[in-house]
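Q: Give me the fold of what follows.
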Amino acid sequence: MAHGSGAPGSPSSAHIPDGHTTPTHDTPAPTRTGAAIEEDRRWLAHTYHPLPVVIARAKGAWVEDVEGRRYLDCLAGYSALNFGHSNERLLGAAREQLTRVTMTSRAFHNDRLGPFAHALSDLCGGGTVLPMNSGAEAVESAIKVARAWGYRVKGVTPERANIIVMDHSFHGRTTTIISFSDDPDAHDDFGPYTPGFRRARFGDADSVEDLIDQDTVAVLVEPIQGEAGVVVPPDDFLPRLRGICDRHDVLLVADEIQSGLGRTGETFGCDLWGVTPDLRTLGKALGGGILPLSAVVGREDVIGVLTPGQHGSTFGGNPLAAAIGSEVVAILSEGTLQKRARDLGQVLRSRLEPLVGRGITGFTQVGLWSGITLEERLGTGRDLGERMMERGVLVKDTHGSTIRLSPPLTVSESEVIFACDALAGAVEELAGEDR
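A: This is a model prediction of the structure:
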């Protein structure tokens, strides 16, 4: 099968989902896109810099813009769409629950939350579940739990608890989280900052141990750093962190919001190294790409330090989210998508390797997740993303000249090849302009 043919933004019909027909429009194409983007600019806070595409419909790994042009989605909502757009199993669970009850608040019990928590605990190998909404809320909740455990169980002096974090980390953009960020865009001009954090070097276990003292309650780490460009640590890093935390009576908290739920080819990123954290934060794909759903899952004796009134969320654990989350867990429990990510990850790697030294300085890859760095002389990650968009593939740049590739786990082999061909063509075009 040929790949990369056809007009920009118009993949061959073999890739288009059944029933996803091209709509007709009365107004000229540029007017529809331009008008929609202008309305966004007029009424929205300018906290994002999107590619100039206006998505109107989506199915599987494909999205369609207001002009009827189709694109392969290789961002997948920063991994919130691991199961693809409009996944029928997840939509079915949502539709069924929408006819029953969607919201109760935790002032009352509901019949969906307990089963969801039970299933999620089983998927995680046991533990208590603290349901929230967004990923940042899950991280904030884990910070609160770790501090409370430190004071009430470990015996840390009041107001002295510290948590060790990593350089180049990304855990959200709340004021507490950005207090320990070393990204100027996330950090600068938002102080005064929350104290109680110490920054170690990601991948360097010794730098973590050097920072631990009697007041250290936790080490917070992404198994693989997503926002930083899919940075994979040395193989001994997480196992050594586990040992260090055990020796010093410190909690190991793994932020699996991007690396978890099948993205790496394992259910959780930590599984790649056989490490079980004390707490793990989950989000993004946990809501199936339908609504926000997050959770902290971990040791009962740690999360159990919280008592009624000390933490909560109006929407956290609502029955609609719980119903969707239960189906997400059911899909992951089958293991099919994890294997698919492993197998197609090898296809992805085989297509990326020949590009190294030919406009690409290097790449990282684990499962269906890759960080790809363009030679700086050829342009930025944004430049590369724009050229790939013209070829019918949507990606997101991160820092400098790096882009992330993270298609839905439901993507086909031919679609992975299509994405890589678009990447190769975009790099070749940028290289030609540089000559």
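Q: what's the distance between the most centrally placed residue in the chain and Gly150?
A: Nearest to the geometric centre of the chain sits Gln258, at 2.8 Å (CA atoms, centre = their mean). Distance, Gln258 to Gly150, using CB to CB, to the nearest Å: 26 Å. To be clear about C-beta, it is placed using only N, CA and C from the backbone, and glycine gets the same treatment.
Q: Same question for Val275.
A: 21 Å.
Q: Tell me which of those two has more neighbours.
A: Gly150 (26 against 19; other CB atoms under 10 Å).
Q: just the strands in the stretch 151-300 of the chain please.
A: For the stretch 151-300 of the chain, the strands defined by DSSP state E, counting those that start in this stretch occupy 162-166, 197-200, 216-221, 251-255, 279-282, 294-298.
Q: An error on my part: the question was meant for the stretch 301-435 of the chain.
A: With DSSP E, counting those that start in this stretch as the criterion, the stretch 301-435 of the chain has strands spanning 360-365, 370-374, 393-394, 396-397, 402-405.
Q: Would you format these as JSON lines with distance to Ile324 and mean pLDDT included?
A: Shown next, in JSON lines, are the strands of the stretch 301-435 of the chain (distance: least, CB to CB, whole Å; pLDDT from 0 to 100):
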{"stretch": "strand 360-365", "distance to Ile324": "29", "mean pLDDT": "97"}
{"stretch": "strand 370-374", "distance to Ile324": "28", "mean pLDDT": "98"}
{"stretch": "strand 393-394", "distance to Ile324": "24", "mean pLDDT": "98"}
{"stretch": "strand 396-397", "distance to Ile324": "24", "mean pLDDT": "94"}
{"stretch": "strand 402-405", "distance to Ile324": "25", "mean pLDDT": "96"}
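Q: Now stretch 88-95: buried residues?
A: For stretch 88-95, the neighbour count (16 or more other CB atoms under 10 Å) marks Leu90, Ala93, Ala94 as buried.
Q: Which other helices and strands does the host helix or strand of the last one contact?
A: Right, Ala94. Using DSSP states H and E, Ala94 sits in helix 88-98. If contacts are counted by 3 or more CB pairs under 8 Å, 6 or more residues apart in numbering; DSSP states H and E, helix 88-98 sits against helix 319-334.
Q: tell me which residues of the helix it packs on are tucked away?
A: For helix 319-334, by 16+ other CB under 10 Å, it's 319-329, 331-332.
Q: So which residues make contact with the helix holding Ala94?
A: Contacts made with helix 88-98 from outside it, assessed by CB atoms under 8 Å, 6 or more residues apart in numbering, are listed as 83, 112, 288-290, 319-320, 323-324, 326-328, 330-331.
Q: Glu375: which of those is nearest?
A: Gly289 (33.6 Å; CB to CB).
Q: ok, the closest one - how many residues close by?
A: 23.
Q: if you skip the residues just before and after it, what's nearest to it?
A: Leu81 (3.9 Å; CB to CB, 6 or more residues apart in numbering).
Q: Okay, the one you found and Pro52: tell me how far apart.
A: Leu81 is 21 Å from Pro52, where distance means CB to CB.
Q: hmm, back to that, in the contacts of helix 88-98, find the pair that's most separated.
A: Based on CB to CB, the longest span within the contacts of helix 88-98 runs between Phe83 and Pro319 and measures 20.1 Å.
Q: more neighbours, Leu81 and Pro52?
A: Leu81 (28 against 11).
Q: How about the contacts made by Asn110?
A: Val101, Thr104, Gly317, Asn318, Pro319, Ala322.
Q: what about the strands in the stretch 1-150 of the chain?
A: Using DSSP E, counting those that start in this stretch, strands in the stretch 1-150 of the chain cover 55-59, 62-65, 70-73, 128-132.
Q: Quick check, pLDDT for Ala29.
A: If you check Ala29, the pLDDT there is 51.
Q: Mind putting the buried residues of stretch 88-95 into JSON lines with pLDDT and distance to Gly298?
A: Below are the buried residues of stretch 88-95 laid out as JSON lines (pLDDT from 0 to 100; distance: CB to CB, whole Å):
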{"residue": "Leu90", "pLDDT": "98", "distance to Gly298": "25"}
{"residue": "Ala93", "pLDDT": "98", "distance to Gly298": "25"}
{"residue": "Ala94", "pLDDT": "98", "distance to Gly298": "27"}
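Q: Glu428 is in contact with Leu378, correct?
A: No - assessed by CB atoms under 8 Å, Leu378 is found out of contact with Glu428, at 10.0 Å.
Q: So between those two, which is more surrounded?
A: When Leu378 and Glu428 are compared on other CB under 10 Å, the one with more neighbours turns out to be Leu378, at 20 against 14.
Q: which residues touch the more buried one?
A: Here Leu378 is in contact with Gly359, Leu384, Ser401, Val427, Leu430, Ala431, Asp434 (CB under 8 Å, 6+ apart).
Q: Return the members of those classed as buried.
A: Here, 16+ other CB under 10 Å leaves Gly359, Leu384, Ser401, Val427, Leu430, Ala431 buried among the contacts of Leu378.
Q: Nearest to Arg57 among these?
A: Nearest member of the buried ones among the contacts of Leu378 to Arg57, counting by CB to CB, is Leu384, at 25.6 Å.
Q: where exactly do the helices run in the stretch 1-150 of the chain?
A: Here the stretch 1-150 of the chain has its helices, by DSSP state H, counting those that start in this stretch, at 29-43, 76-79, 88-98, 113-123, 135-149.
Q: elements contacting the fourth one?
A: Spelled out, it's helix 113-123. By 3+ CB pairs under 8 Å, 6+ apart, helix 113-123 packs against strand 128-132, strand 294-298, helix 319-334.
Q: Format those as TSV; extra columns: mean pLDDT.
A: Shown next, in TSV, are the helices and strands packed on helix 113-123 (pLDDT from 0 to 100):
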stretch	mean pLDDT
strand 128-132	98
strand 294-298	98
helix 319-334	98
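Q: Nearest to Gln310 among the ones you listed would be which one?
A: strand 128-132 (11.2 Å).
Q: what distance separates that closest one from the centre of its chain?
A: Averaged C-alpha coordinates place strand 128-132 at 18 Å from its chain's average position (CA atoms, centre = their mean, to the nearest Å).
Q: Only alpha carbons, please: show it as PDB.
A: What follows is strand 128-132 as a C-alpha-only set of coordinates in PDB (Å, rounded to 0.1, in the frame of the first residue of the first chain):
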ATOM      1  CA  THR A 128      -6.900   2.400  47.900                       C
ATOM      2  CA  VAL A 129      -8.300   4.800  45.300                       C
ATOM      3  CA  LEU A 130      -8.800   8.500  45.700                       C
ATOM      4  CA  PRO A 131     -10.800   9.800  42.700                       C
ATOM      5  CA  MET A 132     -10.400  13.300  41.300                       C
END
